[in-house]
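1. Take this sequence and fold it.
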Amino acid sequence: MAHQPNKTKVTVVSVAEFIATVDSDVRRDEAEALLEVFARASGEQAVMWGPSIIGFGSSHYRYASGREGDTATIGFSPRKPKISLYTARNFREFPELLERLGKHELAVGCLYIKKLADIDLMVLEELLTRSYAVARFDYDAQAESG
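-> Reported below is the predicted structural model:
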């Protein structure tokens, strides 16, 4: 069976232009704050992945099923109901940080926050830094092994 290509790819849309389209003043301010946190955690420039995900770094993945592609190593989307945070790894790998993070929800591939005021941004930055480092190590090792 042929695998469908990944629909979420790097685009040429500017991050600043995307953030300017966010409806809520509060969400725009939160997105600006998250830009700084994610940039420090990754050491990368922000780029748009698809129409609504602001990503930092790129990691290649390959599943046992044969499906493979590229994804942002870490990223976020300032969605209306909740802010979605993404990592190429699983946030559940860092339970001690999740316990200290503050009010959040976990799903399979992401972490949701209703508002930044609900969480500790220093803990978030540590969580993102560790997630980024582990993902880069794993995906770099995977690339070397071919």
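2. For stretch 94-112, give the mean pLDDT please.
-> Taken as a whole, stretch 94-112 carries a mean pLDDT of 93.
3. Kindly apply the preceding question to stretch 33-46 instead.
-> The average pLDDT for stretch 33-46 rounds to 97.
4. Show me where this structure has its strands.
-> In the chain, the segments counted as strands under DSSP state E are 46-49, 53-62, 68-78, 83-87, 105-106, 110-113.
5. Pull out the buried positions in the last one.
-> What it means is strand 110-113. In terms of neighbour count (16 or more other C-beta atoms under 10 Å), strand 110-113 has its buried residues at 110-111, 113. Just so you know, the C-beta spots here come from the backbone N, C-alpha and C atoms, and that holds for glycine as well.
6. Check stretch 14-28 too.
-> For stretch 14-28, a neighbour-count test (16+ other C-beta under 10 Å) marks 18-19, 22, 27 as buried.
7. and if you look at stretch 123-142?
-> By 16+ other C-beta under 10 Å, the buried positions in stretch 123-142 come out as 123-124, 126-132, 134-136, 139.
8. Distance to Met48 and pLDDT for those - can I get that in JSON lines?
-> Converted to JSON lines, the buried residues of stretch 123-142 look like this (distance: C-beta to C-beta, whole Å; pLDDT from 0 to 100):
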{"residue": "Val123", "distance to Met48": "26", "pLDDT": "98"}
{"residue": "Leu124", "distance to Met48": "21", "pLDDT": "97"}
{"residue": "Glu126", "distance to Met48": "25", "pLDDT": "97"}
{"residue": "Leu127", "distance to Met48": "23", "pLDDT": "95"}
{"residue": "Leu128", "distance to Met48": "18", "pLDDT": "96"}
{"residue": "Thr129", "distance to Met48": "22", "pLDDT": "95"}
{"residue": "Arg130", "distance to Met48": "24", "pLDDT": "94"}
{"residue": "Ser131", "distance to Met48": "20", "pLDDT": "92"}
{"residue": "Tyr132", "distance to Met48": "18", "pLDDT": "93"}
{"residue": "Val134", "distance to Met48": "24", "pLDDT": "89"}
{"residue": "Ala135", "distance to Met48": "19", "pLDDT": "84"}
{"residue": "Arg136", "distance to Met48": "20", "pLDDT": "75"}
{"residue": "Tyr139", "distance to Met48": "21", "pLDDT": "57"}
